[in-house]
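>>> Got a sequence here, can you model it:
(one chain, ligands or ions: 2)
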Amino acid sequence: MQINVIKIGGNVIDVEEKLQGFLKSFAALEGPKVLVHGGGKIATRMAADLGIETKMVEGRRITDAPMRDVVTMVYGGLVNKNIVARLQSLGCNAVGLTGADGGAILSIKRPVKTIDYGYVGDIVEVRSSWIQKLLLDGVNPVFAPLTYSKEGEILNTNADTQASAVAKSLAGEAEVNLIYCFEKRGVLLDAENNDSVIPVLNSEAYAKYREQGVIYAGMIPKLDNAFEAVRSGVRKVIICEADDILQAVRGQAGTTIE
Ligand SMILES: Nc1ncnc2c1ncn2[C@@H]1O[C@H](COP(=O)(O)OP(=O)(O)O)[C@@H](O)[C@H]1O
Ligand SMILES: CC(=O)N[C@@H](CCC(=O)OP(=O)(O)O)C(=O)O
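Ligands and ions are numbered 1, 2, ... in the order given. So this is what the prediction gives:
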């Protein structure tokens with residue numbers, strides 16, 4: 001079995017036409033597929049509307065109890081159900097889940113070292129056998145970036161990390177492609193120039209570009225997750241623009257991670 005695990009980021013979800021373009025191309029992708037979505041931008045806005053300030057440390061949200069309630073509502077409710085309804089109307093049989101549903105993704109609350117991240121989960125185990133069963137039934141799981149702990153907490157988990165964990169867990173049994181979709185055409189030599197896509201990126205070049213400041217901010221944790229997936233047996237890892245999935249799986253768009 002070949003499985004595509006796709007991650008879509010908050011900058012695309014936030015823009016109506018971009019989201020629709022992405023969902024059309026996701027729906028058109030043949031074969032079993034899993035979607036993991038983010039939505040950080042929307043959570044930040046909703047929190048601000050409620051008078052709750054957002055604090056990020058190294059790209060991770062400090063999730064105290066009020067923020068946990070916001071992300072649960074925004075990721076598990078608003079964003080997830082909106083995506084599922086649209087996929088259904090595009091003829092794609094999607095089921096919206098958090099990592100707590102079906103015990104799909106177990107995590108532990110991140111231990112407090114110098115920083116207390118609050119209700120943030122580090123993934124311990126993915127119940128890939130259940131995800132595979134859904135896929136065999138023709139159902140496409142759509143995961144919100146939320147996981148659960150043995151203690152019964154709902155925990156906020158970075159969507160890039162969750163997509164990588166899901167892809168790695170399925171890689172034991174199937175040929176898995178992991179595709180990170182965002183608003184740019186791939187990893188770029190100049191982040192402001194969409195015509196500067198780096199077609200193939202290996203870890204040596206990554207280290208060099210990072211040092212030179214060519215790759216920075218949110219692209220660093222994304223690429224760390226991407227290389228980790230490659231090392232763990234995921235067959236192909238690609239970073240591409242949201243509506244380029246079909247070309248990207250054929251190697252005709254985006255950046256392939258080696
Ligand atoms: N070399 C690069 N090529 C493309 N984007 C880059 C690069 N370096 C940094 N970035 C930044 O990384 C961002 C993507 O990371 P992030 O915002 O976390 O994505 P998402 O929310 O979609 O997961 C881009 O919007 C861009 O600003
Ligand atoms: C722990 C943590 O930081 N979780 C992320 C989950 C959402 C996410 O990853 O969304 P994007 O992909 O749109 O950035 C957050 O709350 O921002």
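
>>> give me the number of residues near the closest residue to ligand 2 within the stretch 101-250 of the chain?
Nearest to ligand 2 in the stretch 101-250 of the chain, going by Cβ to the nearest ligand atom, is Ala159, at a distance of 3.4 Å. For the C-beta atoms, the positions are set from N, CA and C on the backbone; glycine is no exception. Applying other Cβ atoms under 10 Å, we find 25 other residues in the vicinity of Ala159.

>>> contacting residues for it?
Ala159 makes contact with 7, 9, 36-40, 145 under the criterion Cβ atoms under 8 Å, 6 or more residues apart in numbering.

>>> Ok, Leu246 next?
Contacts of Leu246 (Cβ under 8 Å, 6+ apart): 25, 28-29.

>>> Could you do Pro141 as well?
Residues in contact with Pro141, defined by Cβ under 8 Å, 6+ apart, are 34-35, 94-95, 97, 104, 131, 134-135.

>>> And what about it, helix, strand or coil?
Three-state call for Pro141 (DSSP: H, G, I helix; E, B strand; the rest coil): strand.

>>> Quick check: it vs His37, distance?
As judged by Cβ to Cβ, to the nearest Å, Pro141 and His37 stand 11 Å apart.

>>> repeat for Leu106
Distance, Leu106 to His37, by Cβ to Cβ: 20 Å.

>>> Next step: the contacts of Pro141 restricted to strands.
Residues of the contacts of Pro141 located in strands (DSSP state E): 34-35, 94-95, 97.

>>> Most neighbours among those residues, please name it.
Going by other Cβ under 10 Å, Leu35 tops the ones in strands among the contacts of Pro141 with 26 neighbours.

>>> Between the ones in strands among the contacts of Pro141, which sits nearest ligand 1?
Leu35 (13.5 Å).

>>> ok, now which ones touch that closest one?
So Leu35 contacts 6-8, 26, 83, 87, 94, 140-143 (Cβ under 8 Å, 6+ apart).

>>> I am finished for the moment; much appreciated.
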